[in-house]
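S.K.: what's the 3D shape of this:
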Amino acid sequence: MNNKQDAQGQRDWLWLAIIIGIGFTLRATAIAGFNHVPESDELAYKSMALNLVRGNGIIDSMGNYAMYNVGYPLFILAPVFFLFGEDLLVVRLANMLLGGVAIVICYLVAKEAGAGRLGRLTAAAAWALYLPSGVYGVYLLKENLMTPLMLGVIWCALRLARQNSNNVAIGCGALLGLLALTGNAALSLIAVVAFALVLNPALMAQRVTMAVLTLSVTLAISAPWMVRNMQVIGAPVMNTNGGFNLYLGNNPAATGMFVPISDTPRGATWDALRKTGEVEASETLKQEAISWVKEHPTDFLKLAVKKAVYFWTPPFHEGKGEQSSAEKLIRLLWAIQFLVLIAAAIAAVLIRKLRNRQVAILWLAVVCYTAVHMLFYVIFRYREPIMPVLAVMAGLVIESYADRKSVVEGKSVDLGGR
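M.R.: Predicted coordinates:
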């Protein structure tokens, strides 16, 4: 029996290796075929990393010390630039490796969610073949790092929902600490971890211990950056874009999508406000956003709902400039993939077999991550780190359908083998 299980496990990992290879091929093709020059946020991350490597400290392209999240430039860009110089190809290869890691964790999350062999491999394949996951590897953006980190936290939550494990709690804290440095929106997953600990069958004292371990490690990893910011800009914050982003999403000119600050009532005075310092500017914008929300509660709620709709709107939009036939085809395939994943997520709710705690945790992750963007504004790339969760649901749904079909046809097929 053990030999049979070992052989099956080896076959699973062989299939997973093939899927990873396909994922790498997609990402390598995007790198080779997409002639992209870094812009906008990419330039900020690049500047932060280069200034650190050159001994100038972490400063972005606009002279800010903590406007952007430090995780991606600190952990990915800076090491690459230090070892290989300002080589964007190596950075993109690093992004490709992160994509490979995400594929593996997608497989593991599906397994922890209760998927058998078919479900696990389908989940990994769905993410390996999802076109934006390949294309975004070309960009110097934090989502490349956020995706595997968020998947790791979700895996930990699934494990903590059923097992008393201080080691998993510590690992979860480490991942959350890295996410705090990489992308604040992902900290919405703390609610998912808390829910998992509520479901955990261990004694209350044991669950409290795991919660304390998780939070302690999270703070231990993120605290040095906050101490640095206290010394440099006078406030122990993770970044200084919170008020800025809150204002962009909540002001008289807000639409739900990203709106440049030049198009808001603050546009004419923004340069002057910036000169007061990062912390002061962020706090001023935050207070103005809060005041607008208090004065227009109905508009705020309508706008929040609109943001949720935008967040999950199929990608029917066009890119910049004139599109080639190849780009039009890729966008069409992307839209089809997106709709299939959305349909799978909905099906996971409708299938009785999948109405369980594991799938509830997956759905909570989707809801929490969506909700945090309802407070700010939407850019389509912001949803990419949560899309692998829909790939996991797709694996579960397809496996459930295959199991049901095999039973109806009277076949004895082990599609759910561990």
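S.K.: nearest residue to Trp334 other than its sequence neighbours?
M.R.: Leu131 (4.6 Å; CB to CB, 6 or more residues apart in numbering). Backbone N, C-alpha and C define where each C-beta goes, glycine included.
S.K.: what's the pLDDT at the closest residue to Val101 other than its chain neighbours?
M.R.: Excluding the flanking residues, the one nearest Val101 by CB to CB, 6+ apart is Pro148, at 4.6 Å. At Pro148, the predicted lDDT confidence score is 97.
S.K.: Pro148 and Lys111: what is the separation?
M.R.: 16 Å (CB to CB, to the nearest Å).
S.K.: same question, Asn356
M.R.: Asn356 is 15 Å from Lys111, by CB to CB.
S.K.: looking at those two, which one has more neighbours?
M.R.: Neighbour comparison, Asn356 and Lys111: the larger count goes to Lys111, with 21 against 13 (by other CB atoms under 10 Å).
S.K.: from memory the more buried one sits against Arg120, does it?
M.R.: Yes: when contacts are counted by CB atoms under 8 Å, Lys111 is listed as touching Arg120 (5.0 Å).
S.K.: quick one: distance of the helix ranked longest in the chain to the chain centre.
M.R.: Criterion DSSP state H: the longest helix present in the chain is helix 2-33. Distance of helix 2-33 from the chain centroid (CA atoms, centre = their mean, to the nearest Å) equals 22 Å.
S.K.: residues making contact with the helix or strand following that helix?
M.R.: Next along the chain after helix 2-33, taking DSSP states H and E as the criterion, comes helix 41-53. With contacts defined as CB atoms under 8 Å, 6 or more residues apart in numbering, helix 41-53 is touched by 38, 57-62, 64, 67-68, 70, 72-74, 77-78, 80-82, 86, 139-142.
S.K.: buried ones among these?
M.R.: 38, 58-61, 64, 67-68, 70, 72-74, 77-78, 80-81, 139-142 (16 or more other CB atoms under 10 Å).
S.K.: which ones among the residues you listed lie within strands?
M.R.: Applying DSSP state E to those, no entry is found in strands.
S.K.: out of those residues, which are inside helices?
M.R.: Reading helices off the buried ones among the contacts of helix 41-53 with DSSP H, I get Tyr72, Ala78, Val80, Phe81.
S.K.: and the residues you listed, which is closest to Val340?
M.R.: Nearest to Val340 out of these is Tyr72 (CB to CB; 29.1 Å).
S.K.: confirm for me that the closest one is in contact with Pro148.
M.R.: No: counting by CB under 8 Å, Pro148 is not a contact partner of Tyr72; they are 11.9 Å apart.
S.K.: which parts of the stretch 51-200 of the chain are strands?
M.R.: Along the stretch 51-200 of the chain, counting by DSSP state E, counting those that start in this stretch, no stretch forms strands.
S.K.: show me where it has its helices.
M.R.: With helices called from DSSP state H, counting those that start in this stretch, the stretch 51-200 of the chain shows them at 71-72, 78-84, 88-112, 117-129, 131-135, 143-160, 166-182, 190-199.
S.K.: least reliable of the ones you listed going by mean pLDDT?
M.R.: helix 131-135 (a mean of 91).
S.K.: for the chain, give me the ranges with low pLDDT.
M.R.: Scanning the chain for pLDDT under 70 picks out the ranges 1-9, 317-324, 405-418.
S.K.: circling back to that earlier point, which residues does the residue nearest to Val101 contact?
M.R.: Contacts of Pro148 by CB under 8 Å, 6+ apart are Leu98, Val101, Ala102, Ile105.
S.K.: which stretch of helix or strand covers Leu285?
M.R.: helix 278-295.
S.K.: can you name the element that comes right after that helix?
M.R.: Moving toward the C-terminus from helix 278-295, the next element (DSSP H and E) is helix 297-311.
S.K.: got the angle between the helix or strand following that following helix and helix 2-33?
M.R.: Next helix or strand after helix 297-311 toward the C-terminus (DSSP H and E): helix 325-350. Helix 325-350 and helix 2-33 are oriented at 140 degrees to each other (axes from the mean of the first three to the mean of the last three CA atoms, to 10 degrees).
S.K.: what's helix 325-350 packed up against?
M.R.: On a contact count with 3 or more CB pairs under 8 Å, 6 or more residues apart in numbering; DSSP states H and E, helix 325-350 meets helix 131-135, helix 357-374, helix 387-408.
S.K.: what lies in contact with the first one?
M.R.: For helix 131-135, the external contacting residues (CB under 8 Å, 6+ apart) are 23, 26-27, 29-30, 34, 99, 102, 127, 147, 315, 330, 333-334, 337, 381, 384, 387-388.
S.K.: buried ones only from these, please, as a ChimeraX command.
M.R.: Buried residues within these, by 16+ other CB under 10 Å, are selected in ChimeraX with:
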select :23,26,27,30,99,102,127,147,315,330,334,337,384,387,388
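S.K.: okay, buried residues for the longest helix of the chain please.
M.R.: Asp12, Trp15, Leu16, Ile19, Ile20, Gly23, Phe24, Leu26, Arg27, Ala30, Ile31.
S.K.: what of stretch 162-171?
M.R.: Going by 16+ other CB under 10 Å, stretch 162-171 has these buried residues: Ser165, Val168, Ala169, Ile170, Gly171.
S.K.: ditto for stretch 254-265
M.R.: So for stretch 254-265, counting by 16+ other CB under 10 Å, buried means Ala254, Gly256, Met257, Val259, Ile261, Thr264.
S.K.: ends of that stretch, what's the gap?
M.R.: End-to-end distance for stretch 254-265: 10 Å, by CA to CA, to the nearest Å.
S.K.: cool, stretch 69-82 as well?
M.R.: Chord length of stretch 69-82, first to last residue, is 19 Å (CA to CA).
S.K.: so how far is it from its chain's centroid?
M.R.: Using CA atoms, centre = their mean, the offset of stretch 69-82 from its chain centre is 17 Å.
S.K.: go on, stretch 372-387?
M.R.: 9 Å.
S.K.: contacts for that stretch next, please.
M.R.: Here stretch 372-387 has contacts from 127, 130, 132-133, 136, 141, 143, 146-147, 150, 183, 185-186, 188, 245-246, 248-250, 254, 256-259, 304-305, 307-308, 310-312, 315, 317, 341, 365-366, 369-370, using CB under 8 Å, 6+ apart.
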